[in-house]
Every structure is written in structure tokens, then in C-alpha cells.
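*Asks:* sequence first, predicted coordinates after that:
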Amino acid sequence: MSQYIKRPKNQKMDSSGLFLGIGSVLLGQFALLGYIWWYTESYHARKYDFVSAVLSHFSQMEGILLLGAYLSVSWYNQWLPPSYYIRNGPIQWPLVCTQLIVQDAGQYIMHRVEHYCKPLYRVGHQYHHQHIHPQWFDAFDGSVVDTCFMILVPLVVTSQVVRQVNTVTYMAFGTIYSMSLVLIHSEYPHPWEHIFRRCLIGTSKDHQLHHRYFNCNYGHVFMWWDVLCGTYRRD
């Protein structure tokens with residue numbers, strides 16, 4: 001594609017794309033918090049102080065800050081393919097879906113490795129599994145090792161596999177992905193989950209089963225890899 005050209009190394013990096021991307025993810029999180037507040041208020045499903053939960057969610061250094069640091073460092077050091085810095089053009093929805101599929105495949109593999117390799121599990125993923133019955137604000141509550149291994153490594157791979165992506169497409173992918181991680185950690189089922197389960201899209205029910213039994217439902221966005229590898233558990 002002729003529009004995707006290499007940026008000259010001596011050209012000053014435009015920070016607007018990075019700020020738009022981080023802003024898009026934060027906007028998605030605030031929209032999600034609005035939905036969670038409405039749902040728990042309407043159905044009396046809340047058993048905790050909502051303000052404290054929000055503060056806990058945004059103060060989890062291992063998740064929020066590490067992701068922000070990765071996005072900033074990769075952007076300014078131009079580690080991403082050249083197309084990622086092109087702001088013009090619409091959202092490329094087929095590529096958003098491809099990014100989600102590749103990211104989830106990588107996360108599934110890393111997730112299984114962390115469970116299989118006990119020394120790695122103890123220094124990494126074990127911290128997240130202290131939540132036997134996770135709630136939405138536990139989504140980014142993990143160790144530095146866990147976040148790097150299971151989220152950042154697949155993000156790097158995804159950016160190199162799915163290359164012809166513009167800035168707004170990358171923004172859409174990051175926003176949807178971060179929102180899905182929160183939703184699957186919810187302590188209650190969402191109204192759309194009966195449709196999602198038929199399509200093998202990850203739900204809170206699926207992930208609650210992973211936290212309960214440890215040996216099933218390693219996928220996050222999708223359950224496709226669990227079905228293919230024989231690790232899917234429905235109930």
C-alpha cells in the first residue's frame with residue numbers, strides 16, 4: 001500500500017497519535033465504568049463501595065502503568081510498523097478483528113505456559129489467582145512478570161504480525177481489548193453473554209470458571225483456542 005511509507009529517522013515524532021490512543025482506551029474505561037455503575041445500581045448487584053473500586057482499578061501499577069509505558073516507549077522508539085503512525089483513513093474493522101484474534105492466541109499460549117511452569121507461575125500469575133471469585137476491578141491486578149509475559153509479549157507479536165494498520169485501527173483494537181479484559185472479570189453475567197457464549201466469545205462466566213478450576217478457559221477475548229486445544233469448560 002503506497003500510503004504506508006517509512007518515516008524519516010530525523011523527522012520529529014508526532015505525539016498526537018499516542019495521546020489519542022491512550023485517550024481512547026481511557027474513554028472506553030470510563031464508558032465501561034458508567035455501564036457497571038448503572039447495572040449494579042439497577043439490579044442491586046453491588047456489594048462493595050463503587051468509588052473505592054474505581055480508585056483500585058486505576059491505581060493498579062502493574063497493569064495500567066506498564067501498559068502505558070509500553071505504548072509510550074514503543075511509539076517514541078518507532079518499534080511499530082510504519083503504518084501505525086498514519087492517522088488518516090477509517091477504522092479497518094477486519095484488521096481490528098485480526099489483531100484481537102492474534103493477541104488472544106498469544107495470550108492463550110502464554111497463559112497456559114504460566115500455569116504449566118510452576119516456578120514462573122509462583123513469581124508471576126499466582127498473584128492474580130488470589131482472586132478466586134474475581135470482580136471487574138481485579139482485571140489488571142497482576143504482578144509485573146505476569147503483565148509482561150501474558151499481555152505485553154503478545155502485544156509486541158500482534159503488532160509485528162498484523163502490520164498494515166493505521167492509528168485509528170490500533171486505537172480501536174486497544175480500546176476493545178482493554179474493555180474485554182474488564183468485562184470477563186465481572187462477578188455477574190452481562191445481558192449479552194448468552195449470545196457471546198454461542199459464538200465462543202469470552203464471557204465473565206467462562207473466566208470465573210478459570211479462576212475456580214485453574215485448568216480450563218485460558219482464553220480471554222475468545223474461547224476458540226480452548227475449544228481447539230480441549231481446555232474449554234462450559235459449566
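*Replies:* Okay, I see it. Since the model is a prediction, treat every value here as computed from it, not as a measurement.

*Asks:* low-confidence ranges, this protein, go.
*Replies:* 1-13, 61-62 (pLDDT under 70).

*Asks:* strands of that one, start to end?
*Replies:* In the chain, no strands are defined using DSSP state E.

*Asks:* show me where it has helices.
*Replies:* Ranges of helices within the chain are 16-42, 50-58, 66-76, 93-116, 118-123, 144-147, 153-161, 167-183, 193-198, 204-213, 224-229, based on DSSP state H.

*Asks:* ok, residues contacting the shortest one?
*Replies:* For helix 144-147, the surrounding residues in contact (Cβ atoms under 8 Å, 6 or more residues apart in numbering) are 62-63, 66-67, 114, 120, 123-125, 127-128, 140. In short, each C-beta sits where N, CA and C put it, glycine included.

*Asks:* again, only this time at 6 Å
*Replies:* 62-63, 66, 123-125, 128 (Cβ atoms under 6 Å, 6 or more residues apart in numbering).

*Asks:* taking these, tell me the two that lie furthest apart.
*Replies:* Spanning the widest gap among these are Gly63 and Val123, at 16.8 Å by Cβ to Cβ.

*Asks:* more crowded one of those two?
*Replies:* Taking other Cβ atoms under 10 Å, Gly63 and Val123 do not tie; Gly63 has more neighbours (24 against 16).

*Asks:* touching, that one and Ala139? I think so.
*Replies:* No: at 7.4 Å, Gly63 and Ala139 do not qualify as touching, with contact defined as Cβ atoms under 6 Å.

*Asks:* returning to that earlier point: out of the contacts of helix 144-147, who has the most neighbours?
*Replies:* Neighbour-wise, the contacts of helix 144-147 (other Cβ under 10 Å) top out at Gly63, 24 neighbours.

*Asks:* report how many residues lie close to the closest residue to that residue other than its chain neighbours.
*Replies:* Among residues not flanking Gly63 along the chain, Phe140 sits closest, at 2.6 Å (Cβ to Cβ, 6 or more residues apart in numbering). For Phe140, the count of nearby residues is 25 (other Cβ under 10 Å).

*Asks:* then Ala31?
*Replies:* Ala31, neighbours per other Cβ under 10 Å, totals 12.

*Asks:* please report how far it lies from Leu183.
*Replies:* Going from Ala31 to Leu183 by Cβ to Cβ, to the nearest Å gives 12 Å.
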